[in-house]
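> give me coordinates for this.
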Amino acid sequence: MTGAILDTNLFVSLANKKDQDHKRAVQVFERIRKGEFGQPYTSDYIFDEALTVTLIRTGRVDSAVKVGKLILGSREEAIPALARLIRVDERIFSESWRVFQSGKLKELSFTDHTILSLIKEYRLDYLISFDRGFDGLVARIG
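Residues are numbered from 1 along each chain as shown. Sure, this is the predicted structure:
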């Protein structure tokens, strides 16, 4: 499947104008909207992480809700969904847990491990992320 998975930091940076990567996130966002990377995807784990990190960094529930609406869309507010949501199923979870336990990629979080498993399972072309920890593992845009 041609497409890209969108990582947490893209959403957090888009929502927080004070974030060091905000301008870069806006530029990447426009490229995503134009379809440059194929179908954009994200996961339920990334959704959770993006809302939580936004809430912690901004201290504002409305900012976290804005991130949720950016990802999922909102019919009431005529906001189109930015990405299709993939749920981490038992197979993805088990594979991610297996690799996480090995300690081979100790700089990556468990959510990051699920991203790698999803890219492999769904044969996605890109990861859109500002996290350099993925460099050398997948084709990263950001």
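> quick one: low-confidence parts of the chain?
1 (pLDDT under 70).
> tell me which residue is most central in this protein.
Residue closest to the mean C-alpha point of the chain, counted by C-alpha atoms, centre = their mean, is Asp7 at 2.0 Å.
> tell me, which helix in the chain spans the most residues?
Assignment by DSSP state H gives helix 44-58 as the longest helix of the chain.
> and Lys66, what does it touch?
By C-beta atoms under 8 Å, 6 or more residues apart in numbering, the contact set of Lys66 is Ala15, Thr54. C-beta: built from backbone N, CA, C; applies to glycine.
> sorry, that was for Thr2
Thr2 neighbours (C-beta under 8 Å, 6+ apart): Gly38, Gln39, Leu124, Asp125.
> any idea how far the third one is from Arg84?
So that's Leu124. Per C-beta to C-beta, to the nearest Å, Leu124 is found 11 Å from Arg84.
> all strands of the chain, in order?
With DSSP state E, the ranges of strands along the chain come out as 3-6, 39-43, 84-86, 126-128, 140-141.
> strands paired with the second one, and their directions?
Right, the one you point to is strand 39-43. Paired with strand 39-43 in the same sheet, following DSSP bridges, are strand 3-6 (parallel), strand 84-86 (parallel).
> make a markdown table from these and add distance to Arg31 to it.
What follows is the strands paired with strand 39-43, written out as a markdown table (distance: least, C-beta to C-beta, whole Å):
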| stretch | distance to Arg31 |
| --- | --- |
| strand 3-6 | 10 |
| strand 84-86 | 17 |
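> which one of those is the most hemmed in?
strand 3-6 (a mean of 25; mean count of other C-beta atoms under 10 Å).
> bridging residues for the residue nearest to Lys69 when sequence neighbours are not counted?
Spatial nearest neighbour of Lys69, excluding adjacent residues (C-beta to C-beta, 6 or more residues apart in numbering): Ile79 at 5.3 Å. Per DSSP bridges, the residues bridged to Ile79 are Ser74.
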